[in-house]
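Undergrad: Structure of the sequence below:
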Amino acid sequence: MKKSGVNYVCQSCGYISVKWKGKCPHCGEWNSFMEEISAHINPSVEIKPRPINSWEIEDYGRISTCFENLDIALGGGLVKGQIILIAGEPGIGKSTLLLQISGRLAEKGKILYISGEESGSQIAMRGRRIGVTNSQIIVYPETVLEEILKVLEKEDFTLVVVDSVQTIYSESIESSPGSISQVREVAFRISEICKNKGIPCFIVGQITKEGLIAGPKVLEHLVDTVLYFEGERYSHYRVVKVVKNRFGSTGEIAVFKMGDKGLEEIPEPSAFFIEERRESPGSAVFPYTEGSKPILLEVQALVLPALYTTPQRKTQGFDVNRLSLILAVLEKEANLFTRDCDVFVNIAGGMVVKEPAVDLAVALAVASSKKNRQLPTDTVIFGELGLSGEVRSVHLGELRLKEAIRFGFKRAVVPKTSNDTGNIEVIPVSSIKEALEILL
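TA: Numbers count the residues shown, from 1 in each chain. So this is what the prediction gives:
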């Protein structure tokens, strides 16, 4: 140990100051600084710089989670020494999913399930309910980091689960569990030993009321993979979305259904998202993709005469500011006025779509509801909408069309620069006005 000092750390963004401040100069949060003692440790192993071609390339052997779609989303399964951060709303099913993965991997060796939130009997009770009773799963209800590290150093495990990182603390740091320093130290020390021993590790992260992962941003940089567990708590369906992956592509998803015996995989996500689609005005099908596998989603819009002086703009799964831009473009370029209407947009199934390729589908769904005319049910729509009404090209257009063909769609309204795939009638459009003339 070299030296230690006192710093003041913002509990919202992790900004470090040598003196206490009422307002954080980085994130603007008030009264968020807490006193924390920092320690500087000298590195025990000296690493020398070497040319890039002198380093050995590791062959990452994949370990299956026994959930096929989750393996695909992770890039083929778990990698030895991979650190995976999984976050989601309380009660969404994170612990259930990890207990099921532990039960399936227990046939290959010992699993260490570290619980800082629940007692051993509570985990055993859940295990019996979902049929996970393998004696190879070692439940360790402990919150002291130093005790956990002793167990990790003493034995070898096939998988380690930490539930959750905000409940574990180090005795060497004088701050409460869940603070910036504690979360950073706990995640670093556990990931360091798991990487050295080649043990895959799932770390559960709590989230804030804004839906972001609690703790410092460095937590997400530290891990190899970040998963978001999404879905309505009172719905049966859950979506695991990959937002960071050093061993595969991001944007991949796996869909599950919550039942009495735990989570069950949905083999065809596209079929799940559009199976309850109703043929009515305001509905459009959009082939969504951020990873390598497109998924068909239903975009719903509802336009009604405004009840109040100021019209409402409400969205679910779509950026409300983006909706305002689209409505402005519809008004200027297509003479479709919604200034005296309430406009509601929903991405069915609980998905959150941020890619601009959904713009055209949202615009046409709004126009369909406003005109009370149904869009063709055998048509998929995608394209980015510019402020002058032009429809811009998007990535992975060919993959989107192939997914539409697989589910029997006959036509696709796409940007003019997209390639023709065959087996589907491609309708290229260069502007929102042209798209409206063709479809409505």
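
Undergrad: dump the residue contacts of residue 352.
TA: 230, 317-318 (Cβ atoms under 8 Å, 6 or more residues apart in numbering). (Each C-beta comes from the backbone N, C-alpha and C, glycine too.)

Undergrad: need those residues in JSON lines with pLDDT and distance to residue 154, can you?
TA: Below are the contacts of residue 352 laid out as JSON lines (pLDDT from 0 to 100; distance: Cβ to Cβ, whole Å):
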{"residue": "230", "pLDDT": "82", "distance to residue 154": "37"}
{"residue": "317", "pLDDT": "90", "distance to residue 154": "46"}
{"residue": "318", "pLDDT": "94", "distance to residue 154": "50"}
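
Undergrad: the domain parsing of this protein - what is it?
TA: 3-40, 59-267, 272-439 (automatic domain parsing).

Undergrad: May I see the buried residues of the first one?
TA: Going back to what we said before, that points to domain 3-40. 7-12, 14-15, 24, 32-34, 36 (16 or more other Cβ atoms under 10 Å).

Undergrad: Tell me where the longest strand sits in this protein.
TA: strand 295-305 (DSSP state E).

Undergrad: Can you list the buried residues in that one?
TA: Result for strand 295-305 [16+ other Cβ under 10 Å]: buried residues 295-303.

Undergrad: so where do the helices sit in the stretch 151-300 of the chain?
TA: Secondary structure of the stretch 151-300 of the chain (DSSP state H, counting those that start in this stretch): helices located at 180-197, 218-222, 269-274.

Undergrad: how about those in CSV, adding mean pLDDT, mean neighbour count and distance to residue 208?
TA: What follows is the helices of the stretch 151-300 of the chain, written out as CSV (pLDDT from 0 to 100; neighbours: other Cβ atoms under 10 Å; distance: least, Cβ to Cβ, whole Å):
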stretch, mean pLDDT, mean neighbour count, distance to residue 208
helix 180-197, 91, 20, 13
helix 218-222, 86, 16, 13
helix 269-274, 85, 20, 28
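
Undergrad: Looking at the ones you listed, which is nearest to residue 335?
TA: With Cβ to Cβ, the closest approach to residue 335 among the helices of the stretch 151-300 of the chain belongs to helix 269-274: 30.9 Å.

Undergrad: The closest one - contacts with which helices or strands?
TA: The contact analysis (3 or more Cβ pairs under 8 Å, 6 or more residues apart in numbering; DSSP states H and E) places helix 269-274 against strand 253-259, strand 295-305.

Undergrad: Can you tell me which of the ones you listed is nearest to residue 155?
TA: Nearest to residue 155, of these and by Cβ to Cβ, is strand 253-259 at 30.3 Å.

Undergrad: how about residue 153, what does it touch?
TA: Contacts for residue 153 (Cβ under 8 Å, 6+ apart) come out as residue 193.

Undergrad: That one and residue 238, how far apart?
TA: Going from residue 153 to residue 238 by Cβ to Cβ, to the nearest Å gives 35 Å.

Undergrad: same thing with residue 128?
TA: Applying Cβ to Cβ to residue 128 and residue 238 gives a distance of 21 Å.

Undergrad: So if I had to pick from those two, which one is more boxed in?
TA: residue 238 (24 against 10; other Cβ atoms under 10 Å).

Undergrad: Bridging across strands, which residues link to that one?
TA: Under the criterion DSSP bridges, residue 238 forms beta bridges with residue 256.

Undergrad: Let me see the residues that make contact with the longest strand of the chain.
TA: 253, 269-270, 273-274, 277, 282-289, 318, 338, 340-349, 351, 353, 358, 361-362, 365-366, 368-370, 380, 403-404, 407.

Undergrad: redo that, cut-off 7 Å
TA: Taking contacts as Cβ atoms under 7 Å, 6 or more residues apart in numbering, the residues outside strand 295-305 that touch it are 253, 269-270, 273-274, 277, 282-289, 338, 340-349, 351, 353, 358, 361-362, 365-366, 368-370, 403-404, 407.

Undergrad: cool, and stretch 405-420?
TA: 270, 296, 360, 376, 378-383, 391-394, 397-398, 401, 404, 423-430, 435, 439.

Undergrad: follow-up on the earlier one: mean confidence (pLDDT) on the longest strand of the chain, please.
TA: For strand 295-305, mean pLDDT is 95.

Undergrad: So for whichever helix or strand comes after it, mean pLDDT?
TA: Downstream of strand 295-305, the next assigned helix or strand under DSSP states H and E is strand 313-316. For strand 313-316, mean pLDDT rounds to 94.

Undergrad: for stretch 405-418, same thing?
TA: 90.

Undergrad: What are the buried residues along it?
TA: For stretch 405-418, by 16+ other Cβ under 10 Å, it's 405, 409, 411-415, 418.

Undergrad: Stretch 425-436 too?
TA: Applying 16+ other Cβ under 10 Å to stretch 425-436 flags 427-429, 431-436 as buried.

Undergrad: any idea which of these is closest to residue 196?
TA: residue 428 (54.4 Å).

Undergrad: how close does the closest one get to residue 406?
TA: 21 Å.

Undergrad: Could you do residue 7 as well?
TA: Separation of residue 7 from residue 406 (Cβ to Cβ): 55 Å.

Undergrad: how about the helices and strands packed on helix 269-274, which one is nearest residue 49?
TA: strand 253-259 (39.2 Å).

Undergrad: got the angle between that closest one and strand 295-305?
TA: Orientation of strand 253-259 against strand 295-305 (axes from the mean of the first three to the mean of the last three Cα atoms, to 10 degrees) gives an angle of 80 degrees.

Undergrad: Tell me which residues are up against strand 253-259.
TA: Residues from elsewhere that reach strand 253-259, judged by Cβ under 7 Å, 6+ apart: 67, 69-70, 73, 93, 236-241, 263-266, 269, 272, 295.

Undergrad: still on that earlier bit, just put the buried residues of stretch 425-436 in a markdown table and tack on distance to residue 219.
TA: Below are the buried residues of stretch 425-436 laid out as a markdown table (distance: Cβ to Cβ, whole Å):
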| residue | distance to residue 219 |
| --- | --- |
| 427 | 46 |
| 428 | 45 |
| 429 | 44 |
| 431 | 44 |
| 432 | 42 |
| 433 | 47 |
| 434 | 47 |
| 435 | 43 |
| 436 | 46 |
